[in-house]
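S.K.: Fold the following and give me the result.
(4 chains, ligands or ions: 4)
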Amino acid sequence: MDTDLLSIEDLSVVIRRPGREVAALSGVTLRVGRGEVVGLVGESGGGKSMVARSIVGLLPGGSLASGAVRFEGDDVLRMDDDALRRHRGHGAAICFQNPRGALSPTRTVGRQLTDRLTTHQRLTGAEARKAAEEQFATVGIRSPRRRLDAYPHELSGGMAQRVMISLATGCAPGLLIADEPTTGLDVTLTREILRRFRLAADTDGRGVLLISHDLASIAGVCDRVVVLYAGTVVESGPAARVLGRPAHPYTRALLRSVPDVDGRAVVATPGAMPLLKAAPRDCPFAPRCAHATAACTSERPPVSWVPGAAGDWTLACFHPRTDELAREEPAAESSGRGGAAKEPVLEVDDAHVVYRSRFGTGGHAALRGVSLRVAAGETLGVVGESGCGKSTLAKLLLGLVPAARGDVRVAGSRMSALRGRELRRLRTRVQMVFQDPIGSLSPRRTVADAIAEPLRALGLSAARRAERVEALADRLKLDRSMLARHPHELSGGQAQRVCIARALAGEPDVLVFDEPTSALDVTVQAQILEVIADVVRDPARGSVFISHDLATVRGFADRVIVLYLGRIVEEGPVEEVFGNPRHPYTRALLSSAPSLGDGFSGPKITLTEDLDDTEAAGPGCPLAARCPFADDRCRTEEQELRPYGNTRAACRRVPEIPDLLKGSDIRV
Amino acid sequence: MRIVRFLVRRLLQLVPVLLGVVVLTFLLVRVLPGDPIRTILGPNATPEDAAAARARYGLDQPIVHQFLDYLGGLVTGDLGTSIQSGTSVGAEIGLRVGPTFELVVLALAVALVVAVLLGVWSARHADRAGDHGVRLLALVGNSMPEFWLGLVLILVGYSVLGWFPAPSGRVDPDANLTPLTGADLLDAALTLNGPAFGSALAHLILPVATLSIVVVAPLLRSVRASALEVLHSEPYVAATAHGLSGRTLLRGYLLRATLARLPSLAALVFGTSIGSTVLVEYVFSWQGFGQWALRGLLYRDYPVVQASVLVIAFCYVVVFLVADVVQAVLDPRVQI
Amino acid sequence: AAGSKPQGANAPSGTAPAAASSLRIAVSSYLSSWDQDFVGFDLTALMLYKNVYPYLIDYGVTDVNGAQILDTTNITPTFAESFTPSADQKVWTLKLRKGVKFASGNELKAADVKWSKDRAFAAQANVAGVYRVIGLTEPDQVKVVDDYTVEFTQAFPSALTPQIQAISLYVFDSVEARKHATDADPWAKEWFAKNPPTGGYFNVEKATQGQEIVLAANTGYPGPDPAKTPTIRISVVPAASNQRLQLQNGDIDIALGVSKRDVADLKKAPGVKVVSAPSNQQVTLQMSVTTAPFDDVNVRKALAYAVPYEQIIANIYGGDARPAKSPVPLDMPGYDERGYPYTYDLDKAKAALAAAGKPSVSSELVFEADNEEQQQLAVLVQSEARKAGIELTLAPLDPATLAERRQKRSVPLQITSGQLWVNDVEYMLATSLVKGANLNYSNYSNPEIEKIYEESHTTVDAAARGELWTKVQEILAADVPWVVVCQPNFNLPVRENVAGWVQPMDGLARLRFLG
Amino acid sequence: MSETVVVGTARAGRFATVLIVTGSVILAVVALAAVFAPLLTGWGPTEIDPLGTLVPPGPGHPLGTDANGMDVWSRLLHAGRLDLGIAVAGVAVAVVAGTALGLVAGYLGGWVDDVLMRVVDVFQAFPTFILALAVAALVGNGTGNLIAVIAAVNAPAYARLVRAEVRTVRESSFVAASVTSGASTFGVLWRHVLPNSLTPVRVIAPLNAGWAMLTLAGLSFLGLGVTVPAAEWGAMISLGSPDVVAGRWWTSVPPGLVLLICVLGFSLLGEGLQERAEAKRR
Ligand SMILES: Nc1ncnc2c1ncn2[C@@H]1O[C@H](COP(=O)(O)OP(=O)(O)OP(=O)(O)O)[C@@H](O)[C@H]1O
Ligand SMILES: Nc1ncnc2c1ncn2[C@@H]1O[C@H](COP(=O)(O)OP(=O)(O)OP(=O)(O)O)[C@@H](O)[C@H]1O
Ligand SMILES: [Mg+2]
Ligand SMILES: [Mg+2]
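M.R.: Ligands and ions are numbered 1, 2, ... in the order given. From the prediction side, this is the model:
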């Protein structure tokens, strides 16, 4: 067997910090061959980035590393400075997790690329610029010449990721490492970006190491996957097998935590990853594992072949599972949940929100004519791409931004008509759970204080407040010892529970969730989703659940609205919208949603990806520029929501679309 | 053009600030105890003499009238006549501002260069002995009263070592310098007067050193902090991970990003130095703006006080404006 | 470059370029204006005026114990040929020397004198103020007789005329001035503020604002005693310690602004000598007799007994001061210390305070903020007065505030130091001790003194005046409006090669004698 | 098993502690010396030795006497009271006033912000010494006016600092959460915005206290500082500064050194806090 491009052997990394040590990696072994795409998956803190950094010799200062990271036979850990500089970029190059943050803000992206080209490909200035232009074109940047002179902050997230990829490939590396390249990107873009890596492996013969916590999205492009847990490799093998029929309980837990557009229920695994104070001497997953035995807690399971499986499929478990991953059917809908007959607790009529630009004229219309109703006991899902106005809608509901036009009524009272104390009273009727749980807790207030905040506004005595706070903590399964802690002492999942407790404290009529799980890890997300599902079941309360991830909405919304550029493009019962999308945009969203299963079952369509230049839409349908079915009338006529069966959609061509699709996928 | 619009908008914003300064100073000098007229009359003057002198300077008018007169003068660029010297305040400022500016600008330039060089060096050697040493030295410099430091430097540099000219005057009078701007070094350069240039430079070294030593610490601290931040930032790590050479890293990825934060601090330091050169000027017999303003204040020379505060305020706001522009040039993210 | 060559240590002391023909003098500040009439009242300015304006008459020189000092009793014509009174002493005739030229080439003539005096009256400032003492109040009182003769007609005769005129008879180049006069500015104030006058013993060769003034001897002076040094450079060095360093290094020849503390050291420094002479400068504590607590004469006495005279002379003046035993300065004609009771005696101080019926009193003690000597004095006095039961709060004031407070006559206790421009008790009474006098910071008024003052106007006989002055001193010793602290000697550190220093009794150096 | 490779070092953070501890110890020693000054010397701070001025260090006077005949050692010790007192009190007032201004301006925004910040601009553009004289004239002489001067000179910087911070904090979701919980504006400001906007203030305040002492010294040098004969280091330096060239080091070198050390103490403390804050951010 000739040398692999990359072969990591028994790599352990201990990071020493004043007063503590972190065993970030413990005996990791993996390899990447030329032309191969290897996925590295696992929970946050599992050590994925540490693996990436060790490959380019960028372990944090104060680390102790043992084992070997062989790149084309040479050990990266023991390279001298010169060799390391040659290896970096040219041997292996990383695409960083947060492309916008990883591009130097004070240098044009063109210069950043030519820096790489001149360093590694020995091009002269002029040649480099030409090459850079081509490189940009290759990664799918439109008008590349113009973009060469752009600064990173002028780029959209997708474009920045493309630039990052071009920088990494510009170094002409043998191995391309992508650390979470699609986190924070829209579903539509994610596909496209991942395709680039597959392409790099297929056409240029590079090895690719694709790091992600999002199993579903990388499932399609990887040849093999490696699953990391607590700094150890728990399972590794061909992608289709590992993801289709995982053998390690952790892999299985991971997979079941992921919501899917096909509507299967999420199964949460309790507990959290252990703190990595020292290299584990037992199975690190044992405390959370349903199958754990005494052996699991006393001994570290050796890496072994998956019994009976052909190919390169290994795992580290005493009790490998061989059965099919149980596919629980969608949880039986509690009947009578649809509270259509009930009083609406929240009504929005033709609301417009305009963000004034800082200096006088103009402004940005973030919401244009949105109307909706939420009844008690009902959950309304809101989905849409980034920037479509989801958070703005949430703020509008909470009265944090004023409506330029239109009206918000909570429990029958118009928000805009109230002032001062009465407004504050009304505000407590709507409560929100924020996207960033830690950030939405005041760093200098204790958990108990945070939860008690709405109670304080209601004028409860300290004793009553303490009582209620403890009750809420119990309800959300928060240990009472947590109450005295400060936010930075909480994990993301705990913080989000605190936030939900706070939202519930004042017994509001409406709960608004703005992407409550998007900042959380997969398994934690599953836990929080369970909590939320429990909370929204309360018949006295209406809920609004906002997410860019269609799969999570599907889990517990009764009705769903789809937002696009501040407008509602489709609205209806969740099964109907997801099962039979009327609007081309909804269909496109569903089409690109990643799925481990079959995903969206109907005919798929894909939109022209980048949104940035099309936003300045004319008078017509805002989607016209990206829509495969748009005709001239679409470009000139404003679209209104019209009823189609159970749902309403803002597209005049809905009746024609099934014919236009003719059962086949459309790509523009 | 964007920048022109920005400048116009900012300049318009200056108007209320400067107007505020004008009103406040005008009232303040008059609220202060002390009579500007008595000090020019000598002890034998009678009340009638004083009244006559007061009338000469329009100080007998109602205060609103005086203020309107003053504003009217300002609009036409007339800063009034000094009560103490009887000459036009504008002309005196012309003489005094040059030397002080020369001092402050050079001191700040030296301090900036030192701060950037040492700050970046310190950051790259963070937490080693050299880094600690540099920072401590800067702090010690920052912890000395400037007049005290100046005296010591004179004692050592002039009296003991004899390396520097006597601390009187700013340029050797025999060098026959033709004054143009009042900044002697600049004038010497403009008139190609070699001896005067040398002499002016020799006279400048100690006071510039004094001022720079005193102001370098905050600048250095800021440079070091932002350099450290850049060194630990993702873009820099990314560039390192892509194997760029040390020089490219330094020039393309470290320096500019580091400097982007410096202008506003530099402006602040500049602003405070203009106000506080008065001590350095005293010690080095510099006869610049600070001494002039202080004397005006002690003698309640109303027009001088008003003009000096206005000039300082004007410099202050203009320097901040310049800093904003420089920052925008350095940091493309800054919208102006 | 030449300028960067060290000028200090390497240059042999005293042999700076053209040492023979040029002297370097350090002063503490630059003058504020060249116009003697309208503005400017700082010491540097007054000193320069004495040397660059043509003063028609000036003090003579006399030798006291080997020191050359200006003689205030001997007024001699300089730019004038003569200055003589009529028999009734009311009309004084000024005859001008012929051939005195301004730098413009214009000759100094009677018209210039007339114009200059008209200007002084118009300015209503300093000269107009002192002229009032000798009965000159109207421009009409000054008449041009011919091109070289001017007549001054006083409202009444005065023994002070020569002395007053000695400090007032300076002349502008009126022909030149008229070129720069405008309707709005008939006296060419703007021009004179910026342009040095000409025609005096020295002409200003170059003035670098704020830094240096170069004086060149006026070679056209037709009198018998022209300036001896061709060039004098006056450089501005505010910090006293810098002056000292430069003097020691030989970069300057005369330091006019070194601090008292340094004088003692400099006496021992190589290459430096200290010109020393007794002076009529008087340091006093003036109490306002109309303001509590000093409206009680016993409180004033208590303070006079509580001042540690000897300690002050030793500590502050390094022994270089004369104890004073009368409000009349030591070297003023008529000085008499008989019956002056006040010495440092805390018991008497306490007794005096007890006599006032007050166990303790408190007051403010005002002095000049930038005056180190006064500050030290204030601290010492405060410390001793406290022992006697007088609690003093120190109040250093800046010049403008001090001027205002003084003018409002609201300072209970202040330190003054200075010397009278005219060395005569009548002048002293006129300016300081009669009701309404400008320098009467004590608000002192005593009918007897007023009477003596009236009498003295017409008393020209020296012995008779002497008797009056003895009476004055008796009254003052009883009333104690002032505590006279001492009379510090005049000390001037110079390089050894400096000769011809004449100690000015008015504190304004006459540079023409320097060689 | 192959040997272990050590990558670089990680000492960051330890130096911050050294700085903070050193700075605090210096300040504590100076403060204690000032408080217990009477125990450490037989002379009062303004007591005059009738035997003479400018006496060199010797048995009677460990650091000699100054031009007024006062014991330098005693003044050195006692001066800490005024110096530390004025600097700390002045900065404290500046912090409170500046923070209040910045808080209101930053949180309310709009025209309130515009007006307040223009006022701050005006103050900041005003030269220190003129402010000092003006304040002395308005507040009257004494320690109070110096505290007011220090406060007036420094408050604008805090207003700016806090305002900038508040504008960020204002946008954070915990503030939104609090608002939607029905908290009043004051409640939000007091309980959430204020405590989270003070980090930079905490770092700058010690540095500022050090600079305030230097400002005080400068004022004394110009005759605008504490009234004689109160013991204050700046006044001592300026009274003694002519002695330096005369070789009488004891009148101004000791106060100069003590001032330097004391300012350095504040600087070290500030620098340490800053470093700690930065390390936390990284
Ligand atoms: N510079 C550092 N200093 C100390 N500990 C660190 C450092 N970087 C990472 N760690 C620790 O090392 C462990 C592995 O971190 P790593 O960043 O590799 O995780 P990851 O799988 O990439 O997580 P994520 O999905 O959040 O990016 C974590 O426990 C983390 O806390
Ligand atoms: N404070 C603001 N001022 C100006 N424009 C804003 C502001 N907040 C949001 N916007 C703009 O309004 C539009 C809608 O923003 P919003 O935050 O509601 O989107 P979103 O759907 O929540 O996106 P994401 O999924 O990224 O959170 C965006 O174009 C955004 O740039
Ligand atoms: Mg990571
Ligand atoms: Mg959002």
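
S.K.: Report how many residues lie close to residue D:80.
M.R.: Residues lying near residue D:80 (other C-beta atoms under 10 Å in any protein chain shown) number 23. The C-beta positions use only the backbone N, C-alpha and C, and glycine is treated the same way.

S.K.: Show me what from chain A comes close to ligand 1.
M.R.: Taking C-beta under 6 Å from any ligand atom as the contact definition, chain A meets ligand 1 at A:15, A:17, A:22, A:24, A:42, A:44-50, A:60, A:213, A:276.

S.K.: Tell me the buried residues in stretch A:137-148?
M.R.: A:138-141, A:144, A:147-148 (16 or more other C-beta atoms under 10 Å in any protein chain shown).

S.K.: closest to residue C:105 among those residues?
M.R.: residue A:148 (75.9 Å; C-beta to C-beta).

S.K.: give me phi/psi at the closest one?
M.R.: phi -60, psi -30 (degrees, to the nearest 10).

S.K.: per-residue confidence for it?
M.R.: The model reports residue A:148 with a pLDDT of 90.

S.K.: residues contacting it?
M.R.: By C-beta atoms under 8 Å, 6 or more residues apart in numbering or on different chains, residue A:148 lies in contact with A:108-110, A:113, A:129, A:132-133, A:136.

S.K.: So which of these reach chain D?
M.R.: Checked against chain D using C-beta under 8 Å from any C-beta of the partner chain, the contacts of residue A:148 yield no neighbours at all.

S.K.: coming back round to it: can you tell me which of the residues of chain A next to ligand 1 are in helices?
M.R.: Cross-referencing the residues of chain A next to ligand 1 against helices under DSSP state H gives A:48-50.

S.K.: Who are the packing partners of the longest helix along chain D?
M.R.: The longest helix of chain D (DSSP H) is helix D:72-108. Applying 3 or more C-beta pairs under 8 Å, 6 or more residues apart in numbering or on different chains; DSSP states H and E, we find helix D:72-108 packed against helix D:14-35, helix D:37-40, helix D:110-125, helix D:143-170, helix D:194-197, helix D:199-221, helix D:233-244, helix D:253-281.

S.K.: if we look at the second one, which residues are touching it?
M.R.: By C-beta under 8 Å, 6+ apart, the list of residues contacting helix D:37-40 from outside reads D:33, D:45, D:74, D:77-78, D:80-81.

S.K.: how does it look with 10 Å?
M.R.: For helix D:37-40, the external contacting residues (C-beta atoms under 10 Å, 6 or more residues apart in numbering or on different chains) are D:32-34, D:44-45, D:62, D:73-81, D:231.

S.K.: Top of these by number of neighbours, please.
M.R.: Ranking the contacts of helix D:37-40 using other C-beta under 10 Å puts residue D:75 first, with 31 neighbours.

S.K.: leaving aside the residues next to it on the chain, what's closest to that one?
M.R.: residue D:231 (4.1 Å; C-beta to C-beta, 6 or more residues apart in numbering or on different chains).

S.K.: same thing with residue C:123?
M.R.: Distance criterion C-beta to C-beta, 6+ apart; nearest residue to residue C:123, sequence neighbours excluded, is residue C:37 at 4.0 Å.

S.K.: Of all the residues in the helix or strand that contains residue C:406, which ones are buried?
M.R.: Residue C:406 is part of helix C:399-408, with elements assigned from DSSP states H and E. Neighbour-count burial for helix C:399-408 flags C:399-407 (criterion: 16+ other C-beta under 10 Å).

S.K.: returning to that earlier point: going by neighbour count, which of the residues of chain A next to ligand 1 are buried?
M.R.: For the residues of chain A next to ligand 1, a burial check counting by 16+ other C-beta under 10 Å picks out A:15, A:22, A:24, A:42, A:44-50, A:60, A:213, A:276.

S.K.: Helices along the stretch 1-150 of chain C, start to end?
M.R.: Applying DSSP state H, counting those that start in this stretch to the stretch 1-150 of chain C gives helices spanning C:43-52, C:110-123, C:126-133.

S.K.: Which neighbouring elements make contact with the shortest one?
M.R.: With contacts defined as 3 or more C-beta pairs under 10 Å, 6 or more residues apart in numbering or on different chains; DSSP states H and E, the secondary structure elements packing on helix C:126-133 are helix B:38-41, helix B:47-56, helix C:110-123, helix C:161-168, helix C:425-428.
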